[in-house]
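**Student:** predicted structure and sequence below. I'll ask about it afterward.
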Amino acid sequence: MQVTITVESVNGPAGPDDLRRWLGGQPALRGRVRRGADEPLPGAMGTAGDVVLALLEPGGVAAAFAGAVVAWVRTRRGTQTVTITRPDGTRMTLSTTEVKGLDARQAAELAQRLAATLEDGPAEVPPATPPTP
């Protein structure tokens, strides 16, 4: 299954190329991640944006991908939003504002939920819950 990943950066240097390099550096994802072009919506003005395309399969690859995406989002400066779209149109969104405050256990749980959604099909990934002080 090929998923499409878009990155919106509000006030940080990170973007789709940074995420593509990060994912490509993961041993389980080498050769499965490439640059693509996001098709503009019909009637929209402007050019297509850059996206990252990842070829996933059930099992370890989806889990490795989910863990790497959560880790990347947690380590970014500024505000980034990553949207992952399955071929069936299911979308999962992670934002640095939701993910940065997670402890290691919560980040691992979020990655597991994301991997399960990637493998199992339509289901919303609940927003990350930051730890309470």
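**Tutor:** Ah, there it is. Residues are numbered from 1 along each chain as shown.

**Student:** show me what the lengthiest strand in the chain is in contact with.
**Tutor:** Among the elements of the chain assigned as strand by DSSP state E, the one spanning the most residues is strand 2-9. Judged by Cβ atoms under 8 Å, 6 or more residues apart in numbering, the contacts made with strand 2-9 from elsewhere in the structure are 14-16, 18-19, 36, 38, 49, 51-56, 65, 69, 78-87, 118. Any C-beta I mention is one placed from the backbone N, CA and C, and that applies to glycine too.

**Student:** point me to the helix or strand that includes the closest residue to Val69 other than its chain neighbours.
**Tutor:** Distances taken as Cβ to Cβ, 6 or more residues apart in numbering put Val82 closest to Val69, at 6.2 Å, once the chain neighbours are dropped. When secondary structure is defined by DSSP states H and E, Val82 falls within strand 80-85.

**Student:** what packs against that strand?
**Tutor:** Here strand 80-85 is seen to pack against strand 2-9, helix 60-74, strand 91-95 when contacts are counted using 3 or more Cβ pairs under 8 Å, 6 or more residues apart in numbering; DSSP states H and E.

**Student:** pick the most buried one from the ones you listed.
**Tutor:** helix 60-74 (a mean of 21; mean count of other Cβ atoms under 10 Å).

**Student:** and it, what does it pack onto?
**Tutor:** Taking 3+ Cβ pairs under 8 Å, 6+ apart as the contact definition, the neighbouring helices and strands of helix 60-74 are helix 16-24, strand 80-85, strand 91-95, helix 96-99, helix 104-120.

**Student:** show me what the third one is packed up against.
**Tutor:** In this case it means strand 91-95. Taking 3+ Cβ pairs under 8 Å, 6+ apart as contact, the helices and strands that strand 91-95 lies on are helix 60-74, strand 80-85, helix 104-120.

**Student:** and it, how far out from the chain's middle?
**Tutor:** Relative to the mean C-alpha coordinate of its chain, strand 91-95 is positioned 7 Å out (Cα atoms, centre = their mean, to the nearest Å).

**Student:** got the angle between that strand and helix 60-74?
**Tutor:** Strand 91-95 and helix 60-74 are oriented at 40 degrees to each other (axes from the mean of the first three to the mean of the last three Cα atoms, to 10 degrees).
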